[in-house]
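> For reference, the sequence and a predicted model appear below.
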Amino acid sequence: MSNDENNLGTCPVDRGLMRVGDRWSMLVLRDIERGLTRYEQLRTSLGIAPNILSRRLSALADAGLIEKRRYSQRPPRDEYLLTDAGRDFLPILMAIGAWGRKYNGAGTLSRHIDDETGEAVRPVVVDANTGAPIGSRPLRFEVPG
């Protein structure tokens with residue numbers, strides 16, 4: 001185990017938040033999922049300062065959530081695409097969105113629509129072992145060691 005891994009501790013929430021724990025990073029991932037893959041598209045959509053966006057894109061790439069792909073040599077231009085780790089984060093974003101809709105949902109809000117049914121997606125986080133929604137059954141917290 002490397003020294004960096006030793007310093008991360010045993011909490012997977014902390015480890016995850018170290019990768020995507022700020023608002024801008026999560027919004028960048030959201031917009032890339034929506035098809036906004038180029039720097040200017042992201043900057044315009046988010047209304048974010050260029051230096052902040054550049055730092056977030058670099059951090060997300062370093063964390064393995066996005067990859068940078070060159071689409072123009074002259075002038076040099078890149079687009080940003082989700083990796084498997086980035087795609088695996090999308091359900092978390094949808095769960096955060098559902099929570100935000102429930103507790104901060106005044107006004108008009110965007111939503112995801114299932115193409116096959118035409119219905120709004122209503123994300124629920126479940127335990128893959130039991131199928132039970134998280135929060136519906138008693139759980140115990142265990143620290144290794």
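Ah, there it is.

> Could you pull out the helices in this structure for me?
Along the chain, counting by DSSP state H, helices occupy 3-7, 12-20, 23-33, 39-46, 50-62, 84-103.

> Give the other helices and strands that the last one contacts.
On a contact count with 3 or more CB pairs under 8 Å, 6 or more residues apart in numbering; DSSP states H and E, helix 84-103 meets helix 23-33. C-beta here means a position set from N, CA and C on the backbone, and glycine is covered the same way.

> same question, the fifth one
If you count contacts as 3+ CB pairs under 8 Å, 6+ apart, helix 50-62 packs onto helix 23-33, helix 39-46, strand 66-72, strand 77-82.

> most remote residue from this protein's center?
Distance from the centre of the chain peaks at residue 74, with 31.0 Å (CA atoms, centre = their mean).

> Could you identify which of the helices of the chain is most buried?
helix 23-33 (a mean of 19; mean count of other CB atoms under 10 Å).

> Residues in contact with that one: which ones?
Helix 23-33 has contacts (CB atoms under 8 Å, 6 or more residues apart in numbering) with 19-20, 41-42, 45-46, 48, 52-53, 56-57, 59-60, 65-66, 80-82, 86-87, 89-90, 93, 96.
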